[in-house]
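Colleague: Quick one: sequence plus predicted model below, questions after.
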Amino acid sequence: MQGNLSVGQSMAIEVDQKRYNTRVEGLTNDTIYLAAPTERQLPVQIEPGTEVGISYLSKEPMRGCRWTATAQVKGATRGRIPLLAVSRPDRWIRTQDRRYVRVPCTLDVRVVCDDLVHSGLTQDISGGGMLILLPTRLTPGRLITLQFTLPPDELMEVAAQVVRDLPEQGGLIPTAVEFIDLDERERDNIIKFVFARQRSLRRKGLL
């Protein structure tokens, strides 16, 4: 089983306890062609036959599933884009990226879109985004600003992008948004809140 791996997908490759970010440039039934990883702007030399770890995050930002596998390096090619060919794994392991663990949560949120402000309520929140009930439909891809208070009393104002909207619920539109350009302190604070909320719900038998 594996997720929606496709050309252009960002991917991480791990070798010799180092991790490099790359992307998928091509796919066949048995091979993944990656943009050759670099270090200090120089190609990383990885010998054919070397076992490497590869992983990528599902394209559904609000789901945050990370797929990991072990692959074997087949070789490298030179060209306009240097490529590293690795075997396409038969088995992938699915894990939940901690940034994207979601918990049910109701928070008042103001959504600033151009010169308009919409008031909404969150249905859930994660370190990667939130699902908001809004009185109006926003176009996927739209850039917005979110203003809300993270319990107990931290005022947050973060940039976000509309990912998708869902069927109407009682006159309100569930709207999935993804945080963008979130600094690590803000993300860490949201993640801490998410896990504290998760523990609280589990103690109450609600999760």
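Modeller: Perfect, thanks for sending it.

Colleague: Send me the worst-scoring helix or strand of the chain on mean pLDDT as CSV with only the CA atoms.
Modeller: When the helices and strands of the chain are scored by mean pLDDT, DSSP states H and E, strand 93-96 comes last with a mean of 76. Coordinates of each C-alpha in strand 93-96 appear next as CSV, following Å, rounded to 0.1, in the frame of the first residue of the first chain:
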residue,chain,number,x,y,z
ILE,A,93,4.8,2.3,5.8
ARG,A,94,2.2,4.9,6.6
THR,A,95,2.7,7.1,9.7
GLN,A,96,1.1,10.3,11.0
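
Colleague: when you give positions from now on, start the count at 18
Modeller: In the new numbering, first residue 18, that becomes strand 110-113.

Colleague: tell me the domain ranges of this structure?
Modeller: As assigned by automatic domain parsing, the chain contains the domains 27-113, 120-220.

Colleague: would you list those in CSV and tack on distance to Asn21 and mean neighbour count?
Modeller: Any C-beta I mention is one placed from the backbone N, CA and C, and that applies to glycine too. CSV is the format used below for the domains of the chain (distance: least, C-beta to C-beta, whole Å; neighbours: other C-beta atoms under 10 Å):
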stretch, distance to Asn21, mean neighbour count
domain 27-113, 6, 15
domain 120-220, 15, 16
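
Colleague: picking up where we left off before, given the least confident helix or strand of the chain, what are its sheet partners and their directions?
Modeller: Applying DSSP bridges, strand 110-113 is found paired with strand 82-94 (antiparallel).
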